[in-house]
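>>> Sharing a model that was predicted from the sequence below.
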Amino acid sequence: MYRWMLHMSGGPQICDCTAAVFGDEVYTFSWSSYMIYVNIFNTVSLRWRMMTPGSGECQLEVPSHRIGHSIALVDYIIYLWGGRQSGTSGCNVLYAFDVDTHRWFTPMVRGNVPQARCFHSAVVLGKVMYIHGGAYIRGFGETWTNEIIKLGTATMVWSLINPRGSPSHAQRYHSATNIGTEMFVFGRYRDKNEACNNISVFDTETNSWMNTPSAQIIPGYWLHSAFAYNGELYIFGNHKLDKICDLWKLNGETFSWKKVETKGESLSKEEWECCCNVRDRIILLKGLSGENDLSILDLNPSLKTLCKLAVIQYGLKQAGLTHDVSTPFADFAQGERGPFVNSGAAGALRSLRSLRLGRIASGRVDYMLLRDID
């Protein structure tokens, strides 16, 4: 049973967001008027933290405003690369964010440094970051590509891969997801606002595109989200431009698709989603509307979780509940922009009794997850 557990609004603005998970925290990287902003969501305390460049940090080492960039986590370093900057310029400088010190730096790189591009994909296998597809920036225009480049983070050397086999189509607005040593590439934008449902698989051990059986036809997607769970590929998001949000999964062995039904209050329609795996839960960050900035889909809810949601949903009496079931659902300050740690607003401890049909009195958080719920 897959169940939506939380829809939360009032967080930081996360337009055209990319994200990476380190421990229990989700690091988000989104554009502002001048530079990339880093916000951190703690999946245990359900608190946001906004990071700002340190006073001694070189401004040249903080990425400037951009869209269509990618990020990848290797050990404790998050690498940010590419994107379209203001106007007609692109960027091929590699930036790095240290999750221990919360500081940016620009590592020295060697080799065949790739051209600037945007709306590409990035995956990590071991200590190697793979960049696939995207659009070269040509003034106000763009030229799509299907090339694969890699960065060995141990040596910081860029290299172009000349893959064997039938290459994928030129890609942008697609997704790339690693399952084992293979990279699954799905969807893309096509002319005339059309989306594709093509899927290609690249084997990083043999540097070749694999011959895969024809999968059953599902809707085409672009501006969607993708993640891997238990060896299967999941696609969530928009069907073409009608903003239909649904969830599909692909079995990598049989190459068959299955539409996944979810329980709970469904997610409102949006584009530019970004999602991350945190154990058995998917953190979905929304892009443009700002109505619900964050949602959590539990792929394996425990019996305790389901019982608590039932108590809330049906307004059951709680007098006879044990202490661990009736403990508070949330403990954070509600500031002007939502649940920030550094908010000056006085936060009230919300108990189970204060919830009505899964909603906190402020209406800003739905189906709150209990801290340490399992």
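Received it, and whenever you're ready, just let me know what you need.
>>> mind giving me the domain split of the protein?
The chain breaks down into these structural domains: 2-301, 302-374 (assignment by automatic domain parsing).
>>> Pick out the shakiest of those, pLDDT-wise.
If these are sorted by mean pLDDT, domain 302-374 sits at the bottom with a mean of 46.
>>> Now do the SS call for the nearest residue to K263 once chain neighbours are set aside.
The spatial neighbour of K263 that comes closest, neighbours along the chain excluded (CB to CB, 6 or more residues apart in numbering), is R3 at 4.3 Å. Where you see a C-beta, it was placed from the backbone N, CA and C, and this is true even at glycine. In three-state terms, and counting by DSSP: H, G, I helix; E, B strand; the rest coil, R3 is strand.
>>> and R3, what are its bridge partners?
Partner residues in beta bridges with R3: K263, D298, with DSSP bridges as the criterion.
>>> Please apply the same query to V278.
Counting by DSSP bridges, the residues bridging with V278 are R281.
>>> next one: I77
For I77, the beta-bridge assignment (DSSP bridges) gives partners V74, D98.
>>> again with the one 4 residues further on
The partner list for W81 in beta bridges (DSSP bridges) reads S70.
>>> oh, and call the first residue 110 from now on, that's how I've got it
From this message on, residue numbering opens at 110, which makes the last subject W190.
>>> Let me know whether it touches Y204 as I believe.
Yes - here W190 reaches Y204: they are 7.2 Å apart, a contact under CB atoms under 8 Å.
>>> The two - which one has more neighbours?
More neighbours sit around W190 than around the other of W190 and Y204, counting by other CB atoms under 10 Å; the figures are 24 against 21.
>>> what about that one, distance to T286?
From W190 across to T286, the span is 18 Å (CB to CB, to the nearest Å).
>>> same thing with S198?
When CB to CB is applied, the distance between S198 and T286 equals 29 Å.
>>> so where's the longest helix in the protein?
When secondary structure is assigned using DSSP state H, the longest helix within the chain turns out to be helix 412-422.
>>> returning to that earlier point: and the residue nearest to K372, what is it in contact with?
Contact criterion CB atoms under 8 Å, 6 or more residues apart in numbering gives 371-373, 406-407, 410, 415, 418 as the residues in contact with R112.
>>> between W190 and Y204, what contacts are shared?
None of the residues lies in contact with both W190 and Y204 under the rule CB under 8 Å, 6+ apart.
>>> Next, give phi and psi for the nearest residue to I240 once chain neighbours are set aside.
Counting by CB to CB, 6+ apart, I258 is the residue found nearest to I240 once chain neighbours are left out, at 4.8 Å. When read as degrees, to the nearest 10, the backbone of I258 gives phi -120, psi 160.
>>> List the single closest residue to S284 in space, sequence neighbours excluded.
Nearest non-adjacent residue to S284, counting by CB to CB, 6+ apart: A335, 3.7 Å away.
>>> Just confirm that neighbour contacts W357, I think it does.
No - taking contacts as CB under 8 Å, A335 lies outside contact range of W357: 9.9 Å.
>>> Look at the two and report which has more neighbours.
Neighbours of A335 and W357, each counted by other CB under 10 Å, are more numerous for A335; the result is 23 against 20.
>>> Distance to S141 and neighbour count for the contacts of R112 - can I get that in CSV?
Formatted as CSV, the entries for the contacts of R112 read as follows, by distance: CB to CB, whole Å; neighbours: other CB atoms under 10 Å:
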residue, distance to S141, neighbour count
T371, 33, 18
K372, 36, 15
G373, 33, 21
L406, 28, 25
D407, 31, 25
P410, 36, 22
L415, 40, 14
L418, 36, 20
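>>> can you give me the helices for the protein?
According to DSSP H, the helices that the chain contains are 412-422, 432-435.
>>> burial measure for the closest residue to I405 other than its chain neighbours, as a count.
Nearest residue to I405, sequence neighbours excluded (CB to CB, 6+ apart): L115, at 4.2 Å. L115 has 24 neighbouring residues, counting by other CB under 10 Å.
>>> L115 contacts S404, correct?
Yes - with contact taken as CB under 8 Å, L115 and S404 are classed as touching, separated by 6.3 Å.
>>> distance of the residue nearest to A263 when sequence neighbours are not counted from Y188?
Of all residues beyond its chain neighbours, the one nearest A263 is K236 (5.1 Å), with distances taken as CB to CB, 6+ apart. Here the distance between K236 and Y188 works out to 11 Å (CB to CB).
>>> Those two: who's more crowded?
The neighbour comparison of K236 against Y188 (other CB under 10 Å) goes to Y188, with 20 against 12.
>>> Let me see the contact set for the more buried one.
With contact set as CB under 8 Å, 6+ apart, Y188 has these partners: 180-182, 203-206, 238, 260, 262.
>>> if you set the cut-off to 10 Å instead, what comes out?
Counting by CB atoms under 10 Å, 6 or more residues apart in numbering, Y188 makes contact with 129, 179-182, 203-206, 216, 231, 233, 238, 260, 262.
>>> Please name the bridge partners of the residue lying closest to L342 once chain neighbours are set aside.
Using CB to CB, 6+ apart and skipping residues adjacent in sequence, the residue nearest L342 is L359, 4.3 Å away. L359 has the following beta-bridge partners by DSSP bridges: L342, W366.
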